[in-house]
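**Q** test case, fold it:
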Amino acid sequence: MNLPSFLNIVITSFFQLWSLVGVLIAVGFTLGIIERYAHSYLTKTFGQKKGVLLTAWIGTPIHEIGHLLMCFIWGHRVTKVKLLQLNPTNGVLGYVEHQYNQTSMYQQIGLFFIGLGPIFSGIGSLVLGMYFMLPNMFEKLTHYILYEISLEETTVVGIVAETLSFLFKNFFTIDNLINPMFWLYIILSICISSHIALSRSDIEGASRGLFALFIALLMFNFVAIFLGIDSQHMIAKITAYNLYVLAFSSIALLFSLVTLLFSYLIYRW
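**A** Purely as a prediction, here's the structure:
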């Protein structure tokens with residue numbers, strides 16, 4: 001194999017990596033920025049401890065459960081778990097300690113998904129809460145996602161913008177505003193979305209797994225060439241899930257923005 005062919009495989013693998021997990025990384029990065037500003041306003045208003053604990057009582061356990069579930073899925077051995085500690089000496093509200101076989105490519109790739117676990121558990125909790133507490137809204141949203149938007153016809157930014165617009169129009173209705181379950185869902189969603197963003201240690205762990213995932217894609221593409229397999233077509237089929245990630249992530253983005261707005265108004269008031 002000559003150098004141009006090798007470089008082409010490397011570049012192809014890089015773009016495949018981005019198409020597979022780029023949306024997750026972008027969502028995590030965006031939520032992190034919003035959360036950072038919201039927490040800064042809350043801590044300026046209530047102090048460092050009270051400002052964080054206002055939302056940590058449910059947000060932090062769900063954050064850590066995301067790490068925990070991904071550890072089980074990717075075969076890591078969990079050694080210690082703390083879903084919530086109210087008086088941390090080091091500022092860490094919760095943690096999951098785990099070990100893995102460093103010779104296992106599968107478990108190395110798992111580091112990426114373990115690091116991003118809070119995104120899955122956070123968004124999953126928001127969707128599940130809507131299913132049980134606001135079933136009519138859940139039905140409208142899933143119908144909209146399944147039948148009215150398309151990743152092929154709409155840009156990434158367009159999907160998020162359209163879904164946010166749909167949520168605003170259908171969420172804050174008169175029927176919902178007079179429904180007590182709506183307000184309970186609002187409170188829970190603000191707490192959850194305030195703690196979806198990844199910590200520095202989460203990002204460091206995920207970055208190691210991301211490199212392992214890139215190496216796995218590189219090896220897959222080399223094998224695919226020798227076997228005459230169209231790896232691009234296979235990856236394209238898998239990346240169809242990005243549509244659902246983007247759409248359901250919009251719920252987390254919505255409540256992160258609501259949290260930012262409330263925290264700013266409280267700070268200014």
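
**Q** longest helix of this structure, counting residues only.
**A** Across the chain, the longest stretch assigned as helix under DSSP state H is helix 3-46.

**Q** how about the helix or strand following that helix: buried residues?
**A** The C-terminal neighbour of helix 3-46 among helices and strands, as given by DSSP states H and E, is helix 48-73. Residues 51-56, 58-71 are the ones in helix 48-73 that count as buried (16 or more other C-beta atoms under 10 Å). Every C-beta, even on glycine, is put in place using the N, C-alpha and C of the backbone.

**Q** which elements pack onto the longest helix of the chain?
**A** helix 48-73, helix 117-133, helix 200-227, helix 231-238, helix 242-268 (3 or more C-beta pairs under 8 Å, 6 or more residues apart in numbering; DSSP states H and E).

**Q** let's see that with 10 Å instead.
**A** helix 48-73, helix 105-115, helix 117-133, helix 156-171, helix 180-193, helix 200-227, helix 231-238, helix 242-268 (3 or more C-beta pairs under 10 Å, 6 or more residues apart in numbering; DSSP states H and E).

**Q** quick one: buried residues of the worst-scoring helix or strand of the chain on mean pLDDT?
**A** Here the helix or strand of the chain ranked lowest by mean pLDDT, DSSP states H and E is helix 231-238, holding a mean of 78. Along helix 231-238, these residues count as buried under the neighbour rule (16+ other C-beta under 10 Å): Ser231, Ile235.

**Q** on that earlier part again, dump the helices and strands packed on helix 3-46 into JSON lines; add distance to Leu83 as well.
**A** Output for these, formatted as JSON lines (distance: least, C-beta to C-beta, whole Å):
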{"stretch": "helix 48-73", "distance to Leu83": "4"}
{"stretch": "helix 105-115", "distance to Leu83": "16"}
{"stretch": "helix 117-133", "distance to Leu83": "11"}
{"stretch": "helix 156-171", "distance to Leu83": "29"}
{"stretch": "helix 180-193", "distance to Leu83": "14"}
{"stretch": "helix 200-227", "distance to Leu83": "15"}
{"stretch": "helix 231-238", "distance to Leu83": "32"}
{"stretch": "helix 242-268", "distance to Leu83": "20"}
